[in-house]
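A.B. asks: this one's sequence-less:
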């Protein structure tokens, strides 16, 4: 059948997810945090597409789900950027650790 | 595991994807980080082609390496980005986070390692786009329409959020 087992695809998705998670938790710049979240969503899409081919019952459903996830991720990026622009206009900063107005 | 063409293609694409992710973590200028991520997105599209998902690969190139990268670059250009991002977070916190992520990765990897699914032949690569279209318009028509409503709401919301309040600022001045 296929020369590459499903474990290899899942391991690649796991590595990318962990890189995205670490970047989202440590970076200061909000744009980089947003794009790290996009990387995590991409890793999840790899899992969906891999199971649509190698799963117990292979079907096209996984690819349809991946398309829906891509649409929602694009919407999230657009709204996140809009919030970032509005915040920058008011606070003149895009660093995560300086957005602490609601901190108790 | 033999060194077939598919294996070599997977290994090179995975290597480029992981290198792009590591560059995202280690580069200092934000524009360079976003450009490094483009490599990751394009090689993930190659991975999709290996998984016989040609339509998803085309969408990935269009949306991720096209639209999302450009909108992120706009977000960087429109804000202040040239201050050198000196690491303000403590080294201890970073180490703890790294250990936490590593533990998470190890826990998930145990599950992946024990996974054993028998490969069954599939016909996903035959007329891939046609299959997706038939499935989308017969089984998933309601989520499809809901997605259009979501995109409309996001369009209006993003414009309202990012629009400058001309009246309020005129009153201030």
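C.D. replies: Alright, I've got the coordinates. Since this is a predicted model, take the numbers as computed values, not measurements.
A.B. asks: list the single closest residue to residue B:129 in space, sequence neighbours excluded.
C.D. replies: residue B:55 (4.6 Å; Cβ to Cβ, 6 or more residues apart in numbering or on different chains). Every C-beta, even on glycine, is put in place using the N, C-alpha and C of the backbone.
A.B. asks: identify the residues contacting that neighbour.
C.D. replies: Contact analysis of residue B:55 by Cβ atoms under 8 Å, 6 or more residues apart in numbering or on different chains lists A:63, A:67, B:128-129, B:132.
A.B. asks: buried subset of those residues?
C.D. replies: Buried by 16 or more other Cβ atoms under 10 Å in any protein chain shown: A:63, A:67, B:128, B:132, out of those.
A.B. asks: would you confirm that the third one contacts residue B:53?
C.D. replies: What it means is residue B:128. Yes - using Cβ atoms under 8 Å as the test, residue B:128 is close enough to residue B:53 to be in contact (6.7 Å).
A.B. asks: quickly find the element holding the residue nearest to residue B:129.
C.D. replies: According to DSSP states H and E, residue B:55 maps onto helix B:54-60.
A.B. asks: elements contacting whichever helix or strand comes after that helix?
C.D. replies: Heading C-terminal from helix B:54-60, the first helix or strand you meet, by DSSP H and E, is helix B:69-78. The contact analysis (3 or more Cβ pairs under 8 Å, 6 or more residues apart in numbering or on different chains; DSSP states H and E) places helix B:69-78 against helix A:30-54, helix A:61-91, helix B:30-50.
A.B. asks: how far does the second one sit from the chain's center?
C.D. replies: When you say that, I think you mean helix A:61-91. The chain centre lies 10 Å from the centre of helix A:61-91; the measure is Cα atoms, centre = their mean, to the nearest Å.
A.B. asks: so it, near chain B or not?
C.D. replies: Yes - using Cβ under 8 Å from any Cβ of the partner chain, a contact is recorded between helix A:61-91 and chain B, made by A:61, A:63-64, A:66-68, A:70-75, A:77-79, A:81-86, A:88-89.
A.B. asks: what separation is there between residue B:150 and residue A:45?
C.D. replies: Using Cβ to Cβ, to the nearest Å, residue B:150 is found at 18 Å from residue A:45.
A.B. asks: between the two, which is the more surrounded one?
C.D. replies: residue A:45 (27 against 15; other Cβ atoms under 10 Å in any protein chain shown).
A.B. asks: residue A:92: neighbouring residues, count only.
C.D. replies: Residue A:92 has 10 nearby residues by other Cβ under 10 Å.
A.B. asks: list the contacts for it?
C.D. replies: residue B:80.
A.B. asks: got phi/psi on it?
C.D. replies: Main-chain torsions, residue A:92, degrees, to the nearest 10: phi 60, psi 30.
A.B. asks: okay, it and residue A:80: tell me how far apart.
C.D. replies: Distance of residue A:92 to residue A:80, given as Cβ to Cβ: 19 Å.
A.B. asks: what number of residues lie near residue B:11?
C.D. replies: With other Cβ under 10 Å as criterion, residue B:11 counts 14.
A.B. asks: before we move on, what about residue B:106?
C.D. replies: Residues near residue B:106, counting by other Cβ under 10 Å, number 10.
A.B. asks: need the overlap of contacts for residue B:128 and residue B:53.
C.D. replies: In terms of Cβ under 8 Å, 6+ apart, residue B:128 and residue B:53 are both contacted by the residues residue A:63.
A.B. asks: count the neighbours of residue 9 for me.
C.D. replies: Because you didn't say which chain, this covers chain A. The tally of other residues near residue A:9 (other Cβ under 10 Å) stands at 24.
A.B. asks: think we crossed wires, I meant chain B
C.D. replies: Here the number of neighbours of residue B:9 (other Cβ under 10 Å) works out to 16.
A.B. asks: are we agreed that it is in a strand?
C.D. replies: No - with DSSP: H, G, I helix; E, B strand; the rest coil as the criterion, residue B:9 is located in helix rather than a strand.
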